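> pasted the sequence and its predicted model underneath.
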Amino acid sequence: RCVVLEEAGTRIALVSVDLVGLQYPAVQEIRKLLPGFSYVLVSSTHNHEGPDVIGMWGRNHFSYGVNGDYVAEVVHKCAQLVKDTATRMTREVTVSFGTAEDRSLLKDSRQPAAFDAVMRVLVFWTKEGQKAGVLVQWNSHPEAMGAKNKLITADFPWATVRELKRVHACPVAYFTGAVGGLMAPPAGPTTFAYTERHGVEVAGLASRAVAAARPIKLTPMKVEARMIYLPVTN
């Protein structure tokens, strides 16, 4: 999913993929394919139920779990999605920002328990007062299916996006925010039924945020980024 915004010659793309964490070299490749953009942000939902794009889950401790052809396909499809979205930018929009909070939809299984239970949304409106799209930002690991699941799925954000599209009749882009140590859905049966139900509950919280949204200005647009290096120990 992606959102493309343009104002006074500044064009940015916000891309979300249902993966555990698309790595920086792949993001650089996507950006190379989109030279007309001032900035391209590529965000992973941190989905635990998708293909390995990091390399930590090979057949054993000595094998690499990433399929290079698959990553190349993701890079190509992300860039093409942004290009296709940009060609459909024919409408001016206004924007509203809203929040809602529900701590019962999250848990933090690591100490100290600290998590962000605020749902944030941007609602884009046409001049005719119709919703042009909704950007959702929620802070939770998509891992409702549990560690034993071997099927590829977008986990609960799938149901969240589906439900919001049904309720608001517009495109929906889902982004994961700061998930910290291990912010995750509350413990439940690791089934598709539970995953779907949880996703629908998250969609309900997002709809509350949409209802509370108030107009804001996103202009003038400006993006700054800086590469930083942090010392780590193992």
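Yep, it's here. Small disclaimer: the values here were computed from a predicted structure and weren't measured.

> for the residue most central in space within the chain, give its distance to residue 49.
Centroid check for the chain by C-alpha atoms, centre = their mean gives residue 175 as the closest residue, at 2.2 Å. Residue 175 sits at a distance of 17 Å from residue 49 (criterion: C-beta to C-beta, to the nearest Å). Every C-beta, even on glycine, is put in place using the N, C-alpha and C of the backbone.

> same deal with residue 106?
Plainly put, residue 106 is 18 Å away from residue 49 if you go by C-beta to C-beta.

> likewise for residue 9?
40 Å.

> who has more neighbours, these two?
The neighbour comparison of residue 9 against residue 49 (other C-beta atoms under 10 Å) goes to residue 49, with 22 against 7.

> isn't that one up against residue 156?
No. Using C-beta atoms under 8 Å, residue 49 is not in contact with residue 156; the gap is 9.6 Å.

> give me the common contacts of these two.
Common contacts of residue 49 and residue 156 (C-beta atoms under 8 Å, 6 or more residues apart in numbering): residue 142.

> helix/strand/coil for the residue located most distally from the centre of the chain?
Farthest-out residue of the chain from its mean C-alpha position, per C-alpha atoms, centre = their mean: residue 62, at 30.9 Å. Three-state assignment for residue 62 (DSSP: H, G, I helix; E, B strand; the rest coil): coil.

> got the phi/psi numbers for it?
Residue 62 adopts backbone torsions of phi -110, psi 10, taken as degrees, to the nearest 10.

> same question for residue 74.
Residue 74 adopts backbone torsions of phi -60, psi -40, taken as degrees, to the nearest 10.

> swap in residue 98?
Phi and psi for residue 98, reported as degrees, to the nearest 10, are phi -140, psi 160.

> what does the one 3 residues further on give?
The phi and psi values for residue 101, taken as degrees, to the nearest 10, are phi -130, psi 140.

> counting neighbours, what do you get for it?
When neighbours are counted by other C-beta under 10 Å, residue 101 registers 12.

> and the residue lying closest to residue 18 once chain neighbours are set aside, which helix or strand is it part of?
Closest residue in space to residue 18, ignoring its immediate chain neighbours: residue 154 at 4.1 Å, by C-beta to C-beta, 6 or more residues apart in numbering. Using DSSP states H and E, residue 154 sits in no helix or strand.

> looks like residue 154 contacts residue 45 (just checking).
Yes. Using C-beta under 8 Å, residue 154 makes contact with residue 45 at a distance of 7.4 Å.

> ok, these two, which is more surrounded?
Legend: neighbour count by other C-beta under 10 Å for residue 154 and residue 45, higher for residue 45 (25 against 21).

> pull the contacting residues for that one.
Contacts for residue 45 (C-beta under 8 Å, 6+ apart) come out as 16, 17, 18, 19, 142, 154, 155, 157, 174, 175, 176.

> you'd agree residue 112 is in a strand?
No. Counting by three-state DSSP, residue 112 falls outside a strand, being coil.
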